[in-house]
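*Asks:* Sharing a model prediction with you, sequence too.
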Amino acid sequence: MRLLTRWFKGRESLAALVMCLCWMLLVAAPLVWLGFNLADHVRDATGLIKDIQVDGLPDPPQWLAGIPLVGERLVALWTTIDQQGAAFMATLKPHLGQVGNWVLARSAQIGSGILELTLSIVFAFFFYRDGPRLAAFVLSLLERLIGDRAQYYLDLVAGTVQRVVNGVIGTAAAQAVLALIGFLIAGIPGALVLGILTFLFSLIPMGPPLVWLPATAWLVWQGEYGMAIFLGIWGMFIISGVDNVLKPYLISRGGNLPLVIVLLGVFGGLLAFGFIGLFIGPTLLAVAYSLLTDWVGSERARSSR
């Protein structure tokens, strides 16, 4: 924002407008493209379900029976589902209706989601334009309340939110790229669409398996057992595993807070407030931890006198 303001010779409104237009292109364009491609994949999935209902499952792979302890049971289950495919689909129909109703109910919320996104971009324009003045106003209020530590706590809140954003978005981007590489190697159709879905699902805990597990199942259905094993291992240890390494590193980098404080804030905030809790939780815990540290330090200073 500061760079754009300098480019436009101090015209903050124009710089804020350009930033908002960039966000609209960055968010809206991929979502529209994703929506059209998802419609095609839904039709393909419907056709696959119909083929399973008519033709049944393929023969179980030979290695399935060789799995210790459970191999024979898995083969028997596979054969039972294949022989009773029609009855199995009939038992699924009531549940499929419930799933359809759930999808319709969520689809009705698309309009409200678009409205919220539009309002967010409108508010972002004013925050971009008037952000420095708002920050100065908040700083003056904090100085009246807590004195010389006002700038420290303002920087603490801003730094915590920035690190959480970097951790969440950076990890989601890394998981999406790794997922795209795995899908391309395994020969999954629509790999780019699935990569974008991985990015979106990576914003929530345990989200990426909702993308790569169905892709692995599709490979099994196609008889590509080697690639299915590869994608399963890639998804478990690479796609999902990077979340346990990269996100804590990005969140804790550049800060002096204990990592456990930030992680507790991230997961606790998510459980308590939903997605916005990713930012509220660690910010509140960071401020509380710093207040307690200052209080303990002041008490020690008094006792030493």
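*Replies:* Happy to help now that I have it.

*Asks:* For the rest of this, base every contact and every neighbour count on C-alpha atoms.
*Replies:* Fine.

*Asks:* ok, now which ones touch the residue nearest the centre of the chain?
*Replies:* Compute the mean C-alpha point of the chain, and by Cα atoms, centre = their mean the closest residue is Leu203, 1.1 Å away. Applying Cα atoms under 8 Å, 6 or more residues apart in numbering to Leu203 gives the contacts 168-169, 172.

*Asks:* Of those residues, which belong to strands?
*Replies:* In strands, defined here by DSSP state E, there are no members of those.

*Asks:* and the residues you listed as TSV, adding neighbour count, pLDDT and distance to Gly226?
*Replies:* Converted to TSV, the contacts of Leu203 look like this (neighbours: other Cα atoms under 10 Å; pLDDT from 0 to 100; distance: Cα to Cα, whole Å):
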residue	neighbour count	pLDDT	distance to Gly226
Val168	22	83	32
Ile169	18	86	32
Ala172	27	89	27
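
*Asks:* got TSV for those residues, with distance to Ile81 too?
*Replies:* Below are those laid out as TSV (distance: Cα to Cα, whole Å):
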residue	distance to Ile81
Val168	41
Ile169	41
Ala172	37
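
*Asks:* now the helices: where do they sit in the stretch 1-150 of the chain?
*Replies:* Along the stretch 1-150 of the chain, counting by DSSP state H, counting those that start in this stretch, helices occupy 2-7, 12-55, 62-65, 71-83, 85-107, 110-146, 150-186.

*Asks:* What of the stretch 201-305 of the chain?
*Replies:* 209-221, 225-233, 243-252, 259-273, 277-304.

*Asks:* looking at those helices, which is closest to Arg129?
*Replies:* Evaluated with Cα to Cα, the helices of the stretch 201-305 of the chain place helix 277-304 nearest to Arg129, the distance being 22.2 Å.

*Asks:* helices and strands around that closest one, which ones?
*Replies:* Using 3 or more Cα pairs under 8 Å, 6 or more residues apart in numbering; DSSP states H and E, the elements in contact with helix 277-304 are helix 150-186, helix 259-273.

*Asks:* Could I get the pLDDT score of Glu12?
*Replies:* Reported pLDDT at Glu12 in the predicted model: 85.

*Asks:* pretty sure it contacts Gly131?
*Replies:* No - counting by Cα atoms under 8 Å, Glu12 stays clear of Gly131, with 10.2 Å between them.

*Asks:* Among the two, which residue is more densely surrounded?
*Replies:* Glu12 (20 against 13; other Cα atoms under 10 Å).

*Asks:* quick one, phi psi at Ile204?
*Replies:* Ile204 adopts backbone torsions of phi -120, psi 150, taken as degrees, to the nearest 10.

*Asks:* can you start the count at 54 instead of 1 from here on
*Replies:* New numbering, starting at 54: the last item is Ile257.

*Asks:* Please report how far it lies from Asp208.
*Replies:* The spacing between Ile257 and Asp208, counted by Cα to Cα, to the nearest Å, is 27 Å.

*Asks:* more crowded one of those two?
*Replies:* The residue with more neighbours, out of Ile257 and Asp208, is Ile257; 15 against 12, by other Cα under 10 Å.

*Asks:* so what's that one scoring on pLDDT?
*Replies:* Predicted confidence (pLDDT) for Ile257: 74.

*Asks:* show me the contacts for Phe332.
*Replies:* For Phe332, the contacting residues are 214, 217-218, 319, 322, by Cα under 8 Å, 6+ apart.

*Asks:* can you tell me which of the residues you listed lies nearest to Ala129?
*Replies:* Distances from Ala129 to the contacts of Phe332, taken by Cα to Cα, are shortest for Val319, at 43.9 Å.
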